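# Provided below are the primary sequence and the corresponding predicted coordinates.
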Amino acid sequence: MAEITIDRLKDNVAFKKIPILTLDERWYQLIPDKDKSDEIKSLEKNLNDLLKKQGQVNTDLKEVKKIKSRLIQDVVDNMEDENVPDSNHQKKMSQNQRLIQEAKEKIGSLEDESLDVPIFLQEANQQLMVATVNYCYKKLNVNKDDILLLEKWISETRIKLKKNLLIKQDKEIKNQQVYSFMHDSLGPDMMGLLDKINEQ
């Protein structure tokens, strides 16, 4: 069996569009936990960690955007509030501007990460798919070899069975003939007595 590698598949459009394996219940039926190699377990964990990371990045991004909006609203509200003393007002504005700038930087960083994670997810999923396919083809090929051996055994056994059925049938016919000749020659009374003695 030729081993399947990412290099042999990387230019195929279908390979680039495979769904996330660990989100599909059929994948878990394909490779039960007890059959997973260390490589497959490691690739599965990596893929699931990246999924969690993607979820966390998206959650963090939404949260930081909310915080930034609140800070901007606070700045707008403070600009209109004339009752706040000048020094406190300046301090609050300065602090909000600094926090808004930090939020912008964090949003930029999270947006970059949100673009990178799907690429890493796709690569991790492809690696797991290749390991899964190699495992499955190995299993299919072992089963195919076993099927050929079993077919040979069944064929040989079928021939032996046919021979033995013919031998059995021949012996049954011979037994009927012998018993019939004995019955005709010795009579029913004598055969009844001889049968009883033979059965003891």
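Structure received.

# ok, how many other residues are close to Lys171?
10 (other C-beta atoms under 10 Å). Yep, even glycine has a C-beta here, placed from its N, CA and C like the rest.

# so how far is Leu99 from it?
101 Å (C-beta to C-beta, to the nearest Å).

# Equivalent analysis for Cys136, please.
53 Å.

# neighbour-wise, which of these two wins?
Comparing Cys136 with Leu99 by other C-beta under 10 Å, the one with more neighbours is Leu99, at 16 against 13.

# tell me the secondary structure for that one?
Under the three-state scheme (DSSP: H, G, I helix; E, B strand; the rest coil), Leu99 adopts helix.

# doesn't Leu71 make contact with it?
Yes. Between Leu99 and Leu71 there is a contact under C-beta atoms under 8 Å: 5.2 Å.

# Show the subsequent helix or strand relative to the lowest-mean-pLDDT helix or strand in the chain.
In the chain, the helix or strand scored least confidently by mean pLDDT, DSSP states H and E is helix 6-9, which has a mean of 71. Counting by DSSP states H and E, the next helix or strand C-terminal to helix 6-9 is helix 13-16.

# Please identify the buried residues of that following helix?
Within helix 13-16, not a single residue qualifies as buried, counting by 16 or more other C-beta atoms under 10 Å.

# same for the least confident helix or strand of the chain, what does it pack against?
Identification of packing neighbours for helix 6-9 by 3 or more C-beta pairs under 8 Å, 6 or more residues apart in numbering; DSSP states H and E yields helix 86-186.

# Extract the C-alpha set from the helix or strand following the helix it packs on and format it as PDB.
Using DSSP H and E, the next helix or strand after helix 86-186 towards the C-terminus is helix 188-199. This file holds the C-alpha atoms of helix 188-199, laid out as PDB (Å, rounded to 0.1, in the frame of the first residue of the first chain):
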ATOM      1  CA  PRO A 188     -38.100 -60.200  10.200                       C
ATOM      2  CA  ASP A 189     -38.100 -62.200  13.400                       C
ATOM      3  CA  MET A 190     -34.400 -63.100  13.200                       C
ATOM      4  CA  MET A 191     -33.600 -59.500  12.200                       C
ATOM      5  CA  GLY A 192     -35.500 -58.100  15.200                       C
ATOM      6  CA  LEU A 193     -33.500 -60.400  17.500                       C
ATOM      7  CA  LEU A 194     -30.200 -59.500  15.800                       C
ATOM      8  CA  ASP A 195     -31.000 -55.700  16.000                       C
ATOM      9  CA  LYS A 196     -31.600 -56.000  19.700                       C
ATOM     10  CA  ILE A 197     -28.200 -57.800  20.200                       C
ATOM     11  CA  ASN A 198     -26.400 -55.300  18.000                       C
ATOM     12  CA  GLU A 199     -27.800 -52.300  19.900                       C
END
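
# And the most centrally placed residue in the chain, which helix or strand is it part of?
When C-alpha atoms, centre = their mean is applied to the chain, the residue found nearest the centroid is Trp27 (2.3 Å). In the assignment (DSSP H and E), Trp27 maps to helix 25-30.
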